[in-house]
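Sequence and predicted structure are below.
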Amino acid sequence: MAALGFVVALFLRQVQLRDSARAGSTDMGEGFGQPSGADSQRVLEAAVGKIIGTTGVEDARRIVAASDTRLDIAGAWAVMQVELFTRMTGHAGLGLIAARRHMPPEALLPVFDRMIDEGYLTRAGNFFSHTDAGAREARVIGKAWATWLEERVQQDIGRPAGTDLRAAVDAISKRLLVEDLGNGLTQRSGELASAR
């Protein structure tokens, strides 16, 4: 039977797996062998991508509540958007944030204005940056997020994430950002074309 199974396996067609940050990874339980180097990084990125893709609003609420932040969920979201975009693109523009979320900038402006009024953000034109208080909130929320993510990664791949976790999160975040912005810009171009 084993020999027959081997022969059949030889004739099975290979299928390329979809390489996307949102694609679910295969089962990587406790019996998963620990790879090294680039393979290890790919496994970690797949696990992080799977977790990020399934993280919901209630998870975010729990993470923020467990952190030492003084912000509510909306304020925490705004401060972390500034953190993410500044790290990924070098600046946090209202247009980019709105495009990623497929929302009009006017819908997001009130929460950013509130964070400015409360002293967590500053604004120059359409670009936001942290004040010292905002940077402190981003650190404590980021720390809580990293702790939660490390625990989830350890559950998924059966081993600690190690120092490569930040690199994996950044890689996934960049891919998601590019995908989201690409989809948003394509959708917006289609809307403009149909309006003409």
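Received, thanks.

counting contacts, what elements does the helix or strand harbouring residue 88 pack onto?
Residue 88 is part of helix 73-89 when elements are defined by DSSP states H and E. If you count contacts as 3 or more Cβ pairs under 8 Å, 6 or more residues apart in numbering; DSSP states H and E, helix 73-89 packs onto helix 57-66, strand 92-93, helix 94-101, helix 105-117, strand 121-124, strand 127-130, helix 132-157, helix 165-195. For glycine as for every other residue, the C-beta is placed from the backbone atoms N, C-alpha and C.

Compare the mean pLDDT across the ones you listed and name the weakest.
When those are ranked by mean pLDDT, helix 165-195 comes last with a mean of 54.

burial count for residue 90?
Look at residue 90: counted by other Cβ atoms under 10 Å, it has 7 neighbours.

Let me fix that, I meant to ask about residue 98.
18.

got it, and residue 157?
Neighbours of residue 157 (other Cβ under 10 Å): 22.

Checking residue 119 next. Helix, strand or coil?
coil (DSSP: H, G, I helix; E, B strand; the rest coil).

surely it meets residue 130?
No. Look at residue 119 against residue 130 with Cβ atoms under 8 Å: they stay out of range, at 10.4 Å.

which of the two has more neighbours?
Of the pair residue 119 and residue 130, residue 130 is the one with more neighbours under other Cβ under 10 Å, namely 20 against 11.

That one and residue 138: what is the separation?
6 Å (Cβ to Cβ, to the nearest Å).

Kindly report the same for residue 98.
20 Å.

With residue 151 instead?
Applying Cβ to Cβ to residue 151 and residue 138 gives a distance of 21 Å.
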